[in-house]
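Student: can you look at this prediction? I've put the sequence above it.
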Amino acid sequence: MLRNAPAAAREGHLWELVPDDISPALARLRGLGLRLAVVSNANGRLRHLFRRIDLADKVDLLCDSFEEGVEKPNPRLFQIALERSGGRAETTMHVGDLYHVDVVGARAAGLQAVLLDPGTLYTEYDCPRIRTLGELVHLIA
């Protein structure tokens, strides 16, 4: 029973909690002239969830693996996102929180990869790591 859990967890919305720094970081990244795409192994509800948490208008593209019929680390999902966004692999960076899904998949598609590691748990991996999306702004700028 989730009696002492936050209301979001009790109501089944645990993954819908958005840290306060996300919206400002997305705005700063867009302010650098970047196009922002979300490439997610999802269940077909990515657009609905992004509207619900008020992030849909803060990104340029949402790419849901369920809708595309292919999941990360398959490079095809990244290629679909590149085609839809007008991006090029050599100038695109993917940020994700799972090394073997996000970093491996992005590299297989020819993208740069950064691991989002808020707990500093994955120091042994051979890629740049950030703890927050705000750190990405500094990394890019």
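Tutor: Alright, I've got the coordinates. Numbering: from 1, shown residues only.

Student: which residues in the chain form helices?
Tutor: Remark: helices assigned in the chain by DSSP state H are 7-10, 22-31, 46-52, 65-68, 75-85, 104-108, 133-140.

Student: export those to CSV and tack on mean neighbour count and distance to Thr120?
Tutor: C-beta here means a position set from N, CA and C on the backbone, and glycine is covered the same way. Putting the helices of the chain into CSV (neighbours: other Cβ atoms under 10 Å; distance: least, Cβ to Cβ, whole Å) gives the following:
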stretch, mean neighbour count, distance to Thr120
helix 7-10, 12, 24
helix 22-31, 15, 18
helix 46-52, 15, 27
helix 65-68, 16, 28
helix 75-85, 19, 26
helix 104-108, 20, 20
helix 133-140, 16, 12
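
Student: okay, the closest residue in space to Val59 that isn't next to it in sequence: pLDDT?
Tutor: Among residues not flanking Val59 along the chain, Leu36 sits closest, at 4.4 Å (Cβ to Cβ, 6 or more residues apart in numbering). Leu36 carries a pLDDT value of 98.

Student: ok, Leu36 touching Leu26?
Tutor: Yes. Contact criterion Cβ atoms under 8 Å: Leu36 and Leu26 qualify, at 6.3 Å.

Student: so what's in contact with these two at the same time?
Tutor: Lys58, Val59 (Cβ atoms under 8 Å, 6 or more residues apart in numbering).

Student: dump the helices of the chain into CSV; add distance to Val95 and mean pLDDT as well.
Tutor: Shown next, in CSV, are the helices of the chain (distance: least, Cβ to Cβ, whole Å; pLDDT from 0 to 100):
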stretch, distance to Val95, mean pLDDT
helix 7-10, 24, 43
helix 22-31, 10, 96
helix 46-52, 16, 95
helix 65-68, 17, 98
helix 75-85, 12, 98
helix 104-108, 9, 98
helix 133-140, 6, 93
